[in-house]
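[1] sequence plus the predicted model coming up.
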Amino acid sequence: MEDSFNNQINSDPSGVPAAPLAPVDTRASLARKLSVIFLAVSLVLSGVTSAALLSSKADYSASDLDTDYYDDAPAEENYYDDSWLPYGFNPWPDDYSLGYKFSDISDFECTDYNCVEISFVSQYDCPSNFYTAANYLDGPDGNVIGYDNASLPSLRAGQVARFIFEDTSNTSFDWMISEISCY
């Protein structure tokens, strides 16, 4: 077969027509070259990273990671500033910027159900939400048999929030705060 200039196309020298050639896409060739370049750069970077990690020395040993430094110390050894708490309030163990106080039974009245009054305070503003929950317990064993919760849309720093938690089943023996959140 010949083109308009009498040049042989699509045939081998024996004169037998060859299969048509697919047009060469230069983008495919460029993509192959780029992938080889990126592979080479990745290998070099991983080698440099591995060498740096292997040659670095740790600043500590496994014996430095003992847990005596962390929260398992007795409460009197925990160093936190509770001077901001109003008199009679206890710091919340999960967040020392929150405090609570169980009210004396003479300070509130339960009308229909077993109840408890607990006051809360935050060292910082809670502009979006203040939430708390209290579990009620069945007796000296301390089994949780229910809970009550309360929230406020906001609470200012230092402002005291007083909530009465009720056990509508009238089976509670004691109460335990289970959560305090300030957002």
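    Thanks, I have the structure now. Residues are numbered from 1 along each chain as shown.

[2] can you pull out the low-pLDDT segments for the protein?
    Low-confidence segments of the chain (pLDDT under 70): 1-25, 56-79.

[3] same thing but 90
    Scanning the chain for pLDDT under 90 picks out the ranges 1-36, 38-82, 105-115, 138-142, 168-174.

[4] quick one, helices of it?
    26-55 (DSSP state H).

[5] could you pull out the strands for it?
    Secondary structure of the chain (DSSP state E): strands located at 90-92, 95-102, 114-122, 130-137, 144-152, 160-167, 174-182.

[6] the last one vs strand 144-152, what angle?
    Orientation note: strand 174-182 sits at an angle of 40 degrees relative to strand 144-152 (axes from the mean of the first three to the mean of the last three C-alpha atoms, to 10 degrees).

[7] partner strands of strand 174-182, parallel or antiparallel?
    Note on strand 174-182: by DSSP bridges, its sheet partners are strand 130-137 (antiparallel).

[8] report the angle between the partner strand and strand 114-122.
    Calculated by the same axes, to 10 degrees, strand 130-137 forms an angle of 150 degrees with strand 114-122.

[9] now render the strands of the chain as JSON lines, adding mean neighbour count and distance to Tyr80.
    Every C-beta, even on glycine, is put in place using the N, C-alpha and C of the backbone. Below are the strands of the chain laid out as JSON lines (neighbours: other C-beta atoms under 10 Å; distance: least, C-beta to C-beta, whole Å):
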{"stretch": "strand 90-92", "mean neighbour count": "17", "distance to Tyr80": "6"}
{"stretch": "strand 95-102", "mean neighbour count": "18", "distance to Tyr80": "4"}
{"stretch": "strand 114-122", "mean neighbour count": "20", "distance to Tyr80": "15"}
{"stretch": "strand 130-137", "mean neighbour count": "21", "distance to Tyr80": "20"}
{"stretch": "strand 144-152", "mean neighbour count": "15", "distance to Tyr80": "24"}
{"stretch": "strand 160-167", "mean neighbour count": "18", "distance to Tyr80": "20"}
{"stretch": "strand 174-182", "mean neighbour count": "16", "distance to Tyr80": "15"}
